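**Student:** Structure for the following, please:
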Amino acid sequence: MNKNIIFSTVLFAIILALSLVILIKDRNIGPDIDQSQNNGNEIKSEIIFFYGDSCPHCQIVEKFIDENKIKDKISFISKEVYNNKQNSNELVAKAKICGLPTDSIGVPFLWDGQKCLIGDQPIIDFFSAKGGSASGGKEKTNGK
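**Tutor:** Next up is the predicted model:
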């Protein structure tokens, strides 16, 4: 009977150890990792527009997006940060990638997969350029 208890205990310990290894490995892939996909040589990046519900500069960008049907031309995600802690944390993570001070980050804020754009006009310029018209905006890169 002693051998059965020892065998069961060892087997349980091995299964537990393997489970912990898998769990730890999965935790290393967190939400702060860029969600770019690499298909061969092509890298697809996710454009994220961060905004606040009552932000007047965000409303300027949103009006531009609506009036110019930008959502029909460019694929991007909009994330509200004033009332959503997870979105706010994601904004901070993107700002860190760009080397921006996270204690003074505001909206509107755009992450294009590599660069951070802050402010209504740089974001409007970005969407204008992607939508077909030529215009340049100020941007902060992550050093790549």
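
**Student:** At which residues are the helices of the protein located?
**Tutor:** Per DSSP state H, the chain carries helices over the ranges 2-27, 56-67, 70-73, 85-97, 120-131.

**Student:** Help me confirm that residue 57 comes into contact with residue 120.
**Tutor:** Yes. Taking contacts as Cβ atoms under 8 Å, residue 57 lies within contact range of residue 120: 4.3 Å. From N, CA and C alone the C-beta is placed, and that goes for glycine too.

**Student:** Now for these two: what residues contact both?
**Tutor:** Taking Cβ atoms under 8 Å, 6 or more residues apart in numbering as the contact rule, residue 57 and residue 120 both touch residue 108.

**Student:** mind giving me the domain ranges of the protein?
**Tutor:** Using automatic domain parsing, the domain parsing of the chain gives 1-30, 45-141.

**Student:** Out of the helices of the chain, which is the most enclosed?
**Tutor:** Among those, helix 120-131 has the highest mean neighbour count (mean count of other Cβ atoms under 10 Å), at a mean of 20.

**Student:** Low-confidence bits of this structure, can you list those?
**Tutor:** 1, 16-18, 20-21, 23-45, 132-144 (pLDDT under 70).

**Student:** One more pass at 90, please.
**Tutor:** Scanning the chain for pLDDT under 90 picks out the ranges 1-45, 102-104, 130-144.

**Student:** In this protein, which residue is most central in space?
**Tutor:** residue 90 (5.5 Å; Cα atoms, centre = their mean).

**Student:** Against residue 74, how distant is that one?
**Tutor:** According to Cβ to Cβ, to the nearest Å, residue 90 and residue 74 sit 19 Å apart.

**Student:** Residue 66 too?
**Tutor:** 13 Å.

**Student:** so which of the helices of the chain comes closest to residue 47?
**Tutor:** With Cβ to Cβ, the closest approach to residue 47 among these belongs to helix 120-131: 8.4 Å.

**Student:** Tell me if I'm right that the residue nearest to the centre of the chain and residue 79 touch.
**Tutor:** Yes. With contacts counted by Cβ under 8 Å, residue 90 reaches residue 79, the gap being 6.8 Å.

**Student:** tell me, what's touching those two both at once?
**Tutor:** Both residue 90 and residue 79 are in contact with 48, 50, where contact means Cβ under 8 Å, 6+ apart.
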